[in-house]
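In: Test case, fold it:
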Amino acid sequence: HPGRVVHQIIERIDLSEVYSRYSENGSSSYHPKMLLKVLVYGYLENCYSSRKLEKAVRENIVFMWLAGMQRPDHHTINRFRSERLRDVIGDIFAQVVLLLHEEGLLDIKEVYTDGTKIEANANRYTFVWGKAIKKSKERISSQLQELWDYAGSVASAELGTEEPDFVNPSAGKVTQTIQKINQALEGKTVDKKVKQKLGYAQKNWPAKLEEYAQKEEVLAGRNSYSKTDPDATFMRMKEDHMRNGQLKPAYNLQLSTHGRFVVNYSLHPNPNDTLTLKPHLQQYHQHYGFYPSCCTADAGYGSEENYCFLEQNRIEAYVKYNTFHKELRQESKSKKVHGLLENLYYDPQKDHYICPMGQAMKPSGESTGKTSTGFVQHYRHYVAKNCQGCPLTASCRPGAGNKTLRVNTRLQQQKTRARQRLTSEQGIQKRRQRATDVEPVFADFKHNKGRARFMLRGAEKVAIETGLIAIAHNLAKMAG
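Out: Prediction:
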């Protein structure tokens with residue numbers, strides 16, 4: 001019975017970190033192992049509400065057996081879940097995975113990774129947008145500049161020659177500037193509309209800028225957040241029933257699996273999978289003390305930074321890049337697209353590319369760029385001599401001037417190696433295995449569990465809930 005599997009596995013887990021969170025004073029508490037058994041079996045049986053679990057330990061014979069006929073109320077269950085398991089659920093999950101590994105049910109060194117968005121338990125219409133804040137601050141800056149220019153035209157002597165910096169002003173700077181403008185205009189004939197705008201600015205702008213600063217602190221580089229769950233970010237969901245591309249507050253859930261068992265999970269506030277692979281694998285290392293020997297992932301993870309990270313940690317990577325399938329389709333076509341870099345011949349000895357008309361494209365300089373994570377990318381530029389009158393101009397060269405290329409040499413080498421691995425016999429097998437391994441687990445998380453969204457709010461509590469779901473999934477599969 002699944003209840004016996006939950007009992008046996010939880011009994012073998014070390015919960016010393018949870019014990020340390022209890023005080024020795026006061027009346028005796030319910031044992032953490034008993035509460036954890038009730039929670040895990042509840043999640044296994046699609047019972048998530050603390051009130052329903054309270055009812056189950058009084059009426060359901062399996063819950064009564066796991067609880068040892070004890071009857072914790074919903075406050076105790078919810079407090080244990082949201083407070084006692086904070087920061088330790090990942091360690092408990094890792095212990096369960098290692099026990100399953102000892103039983104020979106899964107291999108933790110070879111993983112298949114993918115991600116999905118799961119809706120947060122938050123109001124869809126109480127949102128804050130980073131771009132809207134930026135535009136509002138720019139509008140205040142420009143209007144402050146206009147007021148300063150007007151004051152300079154009316155009372156330039158009183159205003160002085162020193163002009164303040166109007167780019168991204170603080171609340172204090174705005175207050176000082178408006179006071180200086182008012183002092184300069186005192187006793188002068190001032191336009192009525194300007195007086196009204198100065199009064200409005202003095203009353204509202206400093207408070208607004210302080211509000212924007214607080215919101216930007218919560219955003220922490222994100223594009224948006226929900227007011228009812230500030231850790232949740234608005235993302236496009238696959239389940240778009242209205243087909244209007246509506247954004248919803250959600251978390252980006254990343255899973256690594258083997259044999260349809262969950263080996264590692266992580267939650268991220270950004271919708272882009274490219275930025276999640278590195279922290280996801282670092283969390284794997286925290287749990288087990290080593291990195292996986294092999295990782296298979298889809299095209300959303302194929303970036304230069306990720307390839308470098310995988311190479312540095314000696315992880316054999318079967319990770320697609322964004323143009324992988326496009327290149328395979330191009331190979332099967334007799335007429336190739338001339339704009340595609342992979343279709344141009346490169347002479348490594350002379351260090352130049354050959355354009356479709358046979359013209360040499362020689363190096364013209366180098367440049368660097370930075371990603372949003374601070375990763376530095378190096379580019380080499382190549383330019384054609386003369387593209388005037390070329391019959392392939394429309395398909396080969398966008399815009400005016402001679403054809404130019406900006407080539408990331410290291411990324412091109414990484415893509416070549418990735419393509420060789422992915423198109424090998426072993427690579428084809430792993431790509432097939434990824435689809436049959438990780439996708440059914442996501443289906444269990446999102447549909448079989450009957451969950452449209454998380455029950456708890458906040459990144460820490462959602463992480464606890466995700467860990468409980470992952471443990472319940474693994475034990476259900478073991479029992480099955």
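In: Model confidence for residue 156, exactly?
Out: According to the prediction, residue 156 has pLDDT 69.
In: Now do residue 10: how many residues are near it, please.
Out: 25 (other Cβ atoms under 10 Å). For every residue, glycine as well, the C-beta is placed using N, CA and C.
In: any idea which element it lies in?
Out: Using DSSP states H and E, residue 10 falls within helix 2-11.
In: can you check residue 314 too?
Out: With DSSP H and E as criterion, residue 314 is part of no helix or strand.
In: Identify each buried residue in the next helix or strand after the helix holding residue 10, please.
Out: Tracing the chain C-terminally past helix 2-11 and defining elements by DSSP H and E, one meets helix 16-19 next. Within helix 16-19, the residues scored as buried using 16 or more other Cβ atoms under 10 Å are residue 18.
In: Can you give the distance from helix 16-19 to the centre of its chain?
Out: Offset of helix 16-19 from its chain centre (Cα atoms, centre = their mean, to the nearest Å): 30 Å.
In: what does the strand or helix carrying residue 54 contact?
Out: For residue 54, the host element (DSSP H and E) is helix 50-59. Contacting residues not belonging to helix 50-59 are listed as 38-39, 42, 47, 63-64, 67, 70-75, 77-78, 81 [Cβ atoms under 8 Å, 6 or more residues apart in numbering].
In: how far does that helix sit from the chain's center?
Out: Offset of helix 50-59 from its chain centre (Cα atoms, centre = their mean): 35 Å.
In: moving C-terminal of the longest helix along the chain, what's the next helix or strand?
Out: The residue-count maximum for a helix in the chain (DSSP state H) belongs to helix 192-219. Past helix 192-219, further along toward the C-terminus, the next helix or strand under DSSP H and E is strand 224-226.
In: avg pLDDT for that next one?
Out: 90.
In: elements contacting that strand?
Out: Using 3 or more Cβ pairs under 8 Å, 6 or more residues apart in numbering; DSSP states H and E as the contact test, the elements touching strand 224-226 are strand 127-129, strand 233-236, strand 247-258.
In: can you rerun that using 6 Å?
Out: strand 127-129 (3 or more Cβ pairs under 6 Å, 6 or more residues apart in numbering; DSSP states H and E).
In: Name the residues that touch the strand it packs on?
Out: Contacting residues not belonging to strand 127-129 are listed as 215, 224, 225, 226, 234 [Cβ atoms under 6 Å, 6 or more residues apart in numbering].
In: Check the offset of that strand from the chain's centre.
Out: 17 Å.
In: Partner strands of it, with direction?
Out: Strand 127-129 has the following strand partners under DSSP bridges: strand 224-226 (antiparallel).
In: C-alpha coordinates for stretch 315-333, CSV please?
Out: Presented in CSV, the C-alpha positions along stretch 315-333 are these (Å, rounded to 0.1, in the frame of the first residue of the first chain):
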residue,chain,number,x,y,z
ILE,A,315,28.9,17.6,-17.7
GLU,A,316,28.3,15.7,-21.0
ALA,A,317,25.7,18.0,-22.6
TYR,A,318,23.0,17.0,-25.1
VAL,A,319,21.5,20.5,-25.2
LYS,A,320,20.0,21.9,-28.3
TYR,A,321,20.5,25.5,-29.4
ASN,A,322,17.8,27.7,-30.9
THR,A,323,18.7,27.2,-34.6
PHE,A,324,19.3,23.4,-34.3
HIS,A,325,16.2,22.2,-36.1
LYS,A,326,16.4,25.1,-38.6
GLU,A,327,19.8,24.0,-39.6
LEU,A,328,18.6,20.4,-40.1
ARG,A,329,15.8,21.5,-42.3
GLN,A,330,18.2,23.7,-44.3
GLU,A,331,20.4,20.7,-45.0
SER,A,332,17.5,18.8,-46.6
LYS,A,333,16.7,21.7,-49.0
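In: buried residues in that stretch?
Out: Under the neighbour-count rule (16+ other Cβ under 10 Å), stretch 315-333 has 315, 317, 318, 319, 320, 321, 323, 324 buried.
In: Report the mean confidence score over that stretch.
Out: When pLDDT is averaged along stretch 315-333, the result is 83.
In: what about it, distance to the chain center?
Out: Centroid separation between stretch 315-333 and its chain, computed with Cα atoms, centre = their mean, is 23 Å.
In: re the thing from before, greatest separation within the buried residues of stretch 315-333: which pair is it?
Out: Comparing every pair within these by Cβ to Cβ identifies 315 and 323 as the most remote, at 22.1 Å.
In: Listing request: residues of this protein with sub-threshold pLDDT.
Out: The chain contains residues with pLDDT under 70 at 27, 156-161, 239-245, 332-343, 394-395, 397-399, 446-453.
In: What's the separation between the most centrally placed residue in it and residue 391?
Out: Relative to the mean C-alpha position of the chain, the nearest C-alpha, by Cα atoms, centre = their mean, is the one of residue 270, at 2.9 Å. Computed as Cβ to Cβ, to the nearest Å, the residue 270 to residue 391 distance reads 45 Å.
In: what's stretch 344-358 in contact with?
Out: Counting contacts by Cβ under 6 Å, 6+ apart, the residues outside stretch 344-358 that touch it are 338, 360, 361, 362, 382, 384, 390, 392, 396.
In: Can you give me the end-to-end span of it?
Out: From the first residue to the last, stretch 344-358 extends over 10 Å; the measure is Cα to Cα, to the nearest Å.
In: With stretch 392-403 instead?
Out: 11 Å.
In: can you give me the strands for the protein?
Out: 110-119, 127-129, 224-226, 233-236, 247-258, 261-268, 294-297, 316-319, 345-347, 352-354, 360-370, 376-383, 404-407 (DSSP state E).
In: mind putting these in JSON lines, distance to residue 460 included?
Out: Supplementary listing: the strands of the chain in JSON lines, determined by distance: least, Cβ to Cβ, whole Å:
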{"stretch": "strand 110-119", "distance to residue 460": "16"}
{"stretch": "strand 127-129", "distance to residue 460": "20"}
{"stretch": "strand 224-226", "distance to residue 460": "15"}
{"stretch": "strand 233-236", "distance to residue 460": "16"}
{"stretch": "strand 247-258", "distance to residue 460": "12"}
{"stretch": "strand 261-268", "distance to residue 460": "10"}
{"stretch": "strand 294-297", "distance to residue 460": "26"}
{"stretch": "strand 316-319", "distance to residue 460": "30"}
{"stretch": "strand 345-347", "distance to residue 460": "50"}
{"stretch": "strand 352-354", "distance to residue 460": "51"}
{"stretch": "strand 360-370", "distance to residue 460": "30"}
{"stretch": "strand 376-383", "distance to residue 460": "32"}
{"stretch": "strand 404-407", "distance to residue 460": "42"}
